[in-house]
Structure formats: structure tokens, C-alpha cells
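Provide a 3D model corresponding to the input given below.
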Amino acid sequence: MFSKGQIIFALVFFIGFVVAISWAYIKDKKSNKLLFKGSYKILLFSVFIFFALYGIVKLKHFFFH
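Residues are numbered from 1 along each chain as shown. Have a look, this model is predicted:
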């Protein structure tokens, strides 16, 4: 299905990507605490909206189907 070269490339790319993302996260870890203070509220609100809309659709199908 995949050649040996493609598999090696995928593994090297994946490892390099994980290293680069980890390095960037560690580098920005201190400033993230200041810049994104309270961002969990936005995440919780988004999750709440998602489940509210999901519930509305399910109730609509339950009552009007």
C-alpha cells in the first residue's frame, strides 16, 4: 500500500512536527497564562451552546417526527 520511503517520510515528518509543536508550546507557556487568562469560559460557553442546540434538535425530532 505505502512504499518504504513514504512510511519513513511520514514517521520523520510526524516526529519533527511533534518536536516543533512541543518546542513552541514550551516557549510560549509563560505568555499564554497572561494572554489567554479566562479563555476556559469561552470554551465552556461553546460546549454549552453545542449541547443546547443538539438538545433542541433532538427534542424537535422527538415531538414533531
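
what strand or helix carries the spatially most central residue of the chain?
Centroid check for the chain by C-alpha atoms, centre = their mean gives L43 as the closest residue, at 11.1 Å. Secondary structure from DSSP states H and E places L43 in helix 39-64.

give the rounded mean pLDDT of that helix.
Taken as a whole, helix 39-64 has an average pLDDT of 93.

coming back round to it: so how far is I49 from the residue nearest to the centre of the chain?
Computed as C-beta to C-beta, to the nearest Å, the L43 to I49 distance reads 11 Å. In short, each C-beta sits where N, CA and C put it, glycine included.

H61 too?
19 Å.

how about A10?
37 Å.

G16 now?
37 Å.

could you give me the buried positions within stretch 24-33?
For stretch 24-33, a neighbour-count test (16 or more other C-beta atoms under 10 Å) marks nothing as buried.

how far off centre is it?
Taking C-alpha atoms, centre = their mean, to the nearest Å, the mean C-alpha location of stretch 24-33 is offset from the chain mean by 17 Å.

can I get that stretch as CSV, trimmed to CA atoms?
Output in CSV follows, covering the C-alpha atoms of stretch 24-33 (Å, rounded to 0.1, in the frame of the first residue of the first chain):
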residue,chain,number,x,y,z
ALA,A,24,6.7,26.2,20.5
TYR,A,25,4.3,25.4,23.4
ILE,A,26,7.1,25.3,25.9
LYS,A,27,8.5,28.6,24.6
ASP,A,28,5.1,30.3,24.8
LYS,A,29,4.0,28.7,28.1
LYS,A,30,4.6,31.8,30.3
SER,A,31,3.0,34.3,27.9
ASN,A,32,-0.1,32.1,27.4
LYS,A,33,-1.0,32.4,31.0
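
now whichever helix or strand S22 is part of: average pLDDT?
Using DSSP H and E, S22 falls within helix 4-35. Here helix 4-35 scores 92 as its mean pLDDT.

quick check: which element contains K37?
Here K37, judged by DSSP H and E, is contained in no helix and no strand.

how many other residues sit next to it?
9 (other C-beta atoms under 10 Å).

ok and the helix holding S22 relative to helix 39-64, angle-wise?
Orientation of helix 4-35 against helix 39-64 (axes from the mean of the first three to the mean of the last three C-alpha atoms, to 10 degrees) gives an angle of 110 degrees.
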